[in-house]
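>>> Predicted model, plus sequence, below.
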Amino acid sequence: MGKSVLKIQRAEADEIKKILNKNEAYTVGARLNIVYLVALGHSSRKLSELHNISFKQITNWAHRFENEGIEGLKDKKGRGRHSALSNEQLERIKTVVLKQAPSDYGLESNRWTGPTLAKWINQEYGLAYQKAQVYNLLEKVGVTFKKKQGLTNNV
């Protein structure tokens, strides 16, 4: 008989990853651990496979640690694509999804969903968003979508 596989029941892997990414200390610690393993002589390509992190990302962390120390492992502000929606527009989206129905805007639905909200954003602002992007926007303004519960305010 083979060994039993250890299972985590408390949370899904992606939920654990979100926890790691939310806390800067965890994020920096995880990155520092990878840099430590590189310093011990482990192959960055092998670490890439084991930790499901791109080889290039590991290389970047190693170089940033070399040049900046721990500070180089912290996320920099202002990186990435900037939102096409202003803060006022994001707040309006939050208000609309929490206080109004899609049918108020001529949409054929009584509840907001990712695709319905994407359609509304396109109508209102002329911006095309994918369903996953819509959920990211909602999370940014403190609203989450939970199956069978719909949209809820995190604040």
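Okay, I see it.

>>> Please make it C-alpha for all contacts and neighbour counts, starting now.
Will do.

>>> so what does whatever helix or strand N21 lives in touch, helix or strand wise?
Using DSSP states H and E, N21 falls within helix 13-22. If you count contacts as 3 or more Cα pairs under 8 Å, 6 or more residues apart in numbering; DSSP states H and E, helix 13-22 packs onto helix 24-39.

>>> buried ones in the helix it packs on?
The neighbour-count check on helix 24-39 (16 or more other Cα atoms under 10 Å) flags T27, V28, G29, R31, L32, I34, V35, V38 as buried.

>>> Taking helix 13-22 as reference, get the angle to that helix.
When axes from the mean of the first three to the mean of the last three Cα atoms, to 10 degrees is applied, the directions of helix 24-39 and helix 13-22 differ by 100 degrees.

>>> so how far is helix 24-39 from its chain's centroid?
How far helix 24-39 lies from its chain's middle: 19 Å, per Cα atoms, centre = their mean, to the nearest Å.

>>> quick one: contacts of that helix?
For helix 24-39, contacts defined as Cα atoms under 8 Å, 6 or more residues apart in numbering pick out L20, N21, S44, L47, I58, W61, A62, F65, I70, L73, K74.

>>> roughly how far apart are the first one and D14?
When Cα to Cα, to the nearest Å is the yardstick, L20 and D14 sit 10 Å from each other.

>>> Which of the buried residues of helix 24-39 sits closest to K140?
T27 (19.2 Å; Cα to Cα).

>>> moving C-terminal of the strand or helix carrying N136, what's the next helix or strand?
Using DSSP H and E, N136 falls within helix 131-140. Counting by DSSP H and E, the next helix or strand C-terminal to helix 131-140 is strand 143-146.

>>> sorry, back to before: just the buried ones from the contacts of helix 24-39?
Buried among the contacts of helix 24-39 by 16+ other Cα under 10 Å: L20, S44, L47, I58, W61, A62, F65, L73, K74.

>>> A strand includes the fourth one, no?
No: the assignment for I58 is helix, going by DSSP: H, G, I helix; E, B strand; the rest coil, so no strand is present there.
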